[in-house]
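1. model this:
(4 chains)
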There are 2 protein chains.
Amino acid sequence: MRPKKCEKRSGEATRRRILAAAVRRFARASYEEVKLRDIAADVGVDVALVHRSFGSKEQLFAAAVLDACPADLLSAERGRLSAVFANFALDPQQGDGLQIFVRSLTSPQARNLVRACCNRDFIGPLAAKLEGPGAQQRAALFVSCLIGFSLLREVLRVEPLLDDEDSGPMMQRLLAACLDEVGPFSADDQNSSQSS
Amino acid sequence: MRPKKCEKRSGEATRRRILAAAVRRFARASYEEVKLRDIAADVGVDVALVHRSFGSKEQLFAAAVLDACPADLLSAERGRLSAVFANFALDPQQGDGLQIFVRSLTSPQARNLVRACCNRDFIGPLAAKLEGPGAQQRAALFVSCLIGFSLLREVLRVEPLLDDEDSGPMMQRLLAACLDEVGPFSADDQNSSQSS
DNA sequence: CTGATTTGTCAACCATTGTTGATATCGCCG
DNA sequence: CGGCGATATCAACAATGGTTGACAAATCAG
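-> This is a model prediction of the structure:
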């Protein structure tokens, strides 16, 4: 039987430290770039411990994604979503949640997991807050803008997007346009149905 | 010295076939996923030849990016940019140009090259077509939307974005909004053309 | 034909990296 | 103390994949 007051010596504590280090690494480099040995070095333990603590690199990555997922972002009320997300996109330090997504988007090992997270934790809840036709599509477009922006800004570091003063309002208006689809977007697609 | 009318037997021809195979591979998988041995198998030659023909994997990738860069996209006149790009984003077969970008965005070996290409071949010319303040920023935002959309649609295959009927007009309006952004995403622009 | 140059192949190298099994060490219980 | 389980280390494995050098074969000059 497992001890109840246990987890004293280390155990769960080091596991958490490993997870934290993994989140930091995965948020700053792609899946392939991150080596288990680097994470181990961050924590100060052996590679084997990192591996054994989570089973495999993929499982560690999965745990990191779940741990860093900024679920609270979506608690913002409908009218403030664009502002909240725009600020979020501008501040990479605020959370590694989006970065860990963006960095690993093109990694084959991470793709399925990232897609699931993207649907479940972003597009789904977002669409639930929107009304009107094409809620799913608009939510997905919203997320794609957010990710594209973060990608060019944080990963590629494209210069025109680095300035917060300029990018902030612009980004917010763009996101609002995705959501409020009444204005520039609506036109006449009443016929379109929300599939799936 | 090299023969003048030469390049008949193989030489340059196989080099081209290798490059074509590389473009196809790099457009469908990330830098790390693509193995030189796969490209060699596509063409029907040995790995060593692929390597020796281009010097290294990185140089081959660079050649592929340059080869696939859809520079002609920007020849569209100002009023049709959003339509042209929206259609382009919807049709992955039309060219591997955008895909090869999107796939390799997060690859460390490709990052510098991709950023350079992104600035030189997309944002720069695009900004030159825009007037008003923040042309660079709007062009960058335009490209980020395009890339984010392509990423979620083609790489991640997020469902709500897969339907051309829904995504097409939506994407076009979003891109137009990036370009026209004189005020707060002017509410009424019915000038956009529904093409194709 | 002979020899040199290009074009291509074969096998091996080498570094990287996730993974695994044997082993030591610490905390605890009887 | 002596054993037990969790914790952690070490060394080694195995597979991958880019790279390299020696060599065969085709092409062309003379």
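2. the worst-scoring helix or strand of chain A on mean pLDDT near chain B at all?
-> The weakest-scoring helix or strand in chain A, judged by mean pLDDT, DSSP states H and E, is helix A:108-117 (a mean of 81). Yes - counting by CB under 8 Å from any CB of the partner chain, chain B is contacted by helix A:108-117 at A:108, A:111, A:114-115. (Glycine included, C-beta is placed from N, CA and C.)
3. put the buried members of these into a PyMOL selection.
-> A single PyMOL command selects the buried members of the residues of helix A:108-117 next to chain B (16 or more other CB atoms under 10 Å in any protein chain shown):
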select buried, chain A and resi 111+114+115
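4. run a quick neighbour tally on the closest residue to chain B within chain A.
-> Closest to chain B within chain A is residue A:148: 2.1 Å, counting by CB to the nearest CB. The number of residues packed near residue A:148 is 25, by other CB atoms under 10 Å in any protein chain shown.
5. with adjacent residues omitted, what lies nearest to it?
-> In space, and not counting its chain neighbours, residue A:148 is closest to residue B:148: 2.1 Å by CB to CB, 6 or more residues apart in numbering or on different chains.
6. returning to what we had before: and the residues of helix A:108-117 next to chain B, which is closest to DNA strand C?
-> Nearest to DNA strand C, judged by CB to the nearest atom of the strand, of the residues of helix A:108-117 next to chain B is residue A:108 at 13.1 Å.
7. excluding chain neighbours, what is closest to that closest one?
-> Excluding the flanking residues, the one nearest residue A:108 by CB to CB, 6+ apart is residue B:33, at 5.6 Å.
8. assign the one you found to helix, strand or coil.
-> Put simply, residue B:33 is coil when judged by DSSP: H, G, I helix; E, B strand; the rest coil.
9. just the pLDDT for it.
-> Residue B:33 is assigned 89 on the pLDDT scale.
10. repeat that for residue A:138.
-> With respect to pLDDT, residue A:138 has a value of 89.
11. residue A:81 - how many residues pack around it?
-> 22.
12. distance of it relative to DNA strand D?
-> 41 Å (CB to the nearest atom of the strand, to the nearest Å).
13. likewise for residue A:82?
-> Distance from residue A:82 to DNA strand D, by CB to the nearest atom of the strand: 42 Å.
14. again with residue A:37
-> 9 Å.
15. wait, that residue touches residue A:47, no?
-> Yes - counting by CB atoms under 8 Å, residue A:37 does reach residue A:47; the two are 5.0 Å apart.
16. quick one, domains of chain A?
-> A:12-66, A:69-179 (automatic domain parsing).
17. now do the contacts for the residue of chain A closest to chain B.
-> Residue A:148 sits next to B:144-149, B:151 when contact means CB atoms under 8 Å, 6 or more residues apart in numbering or on different chains.
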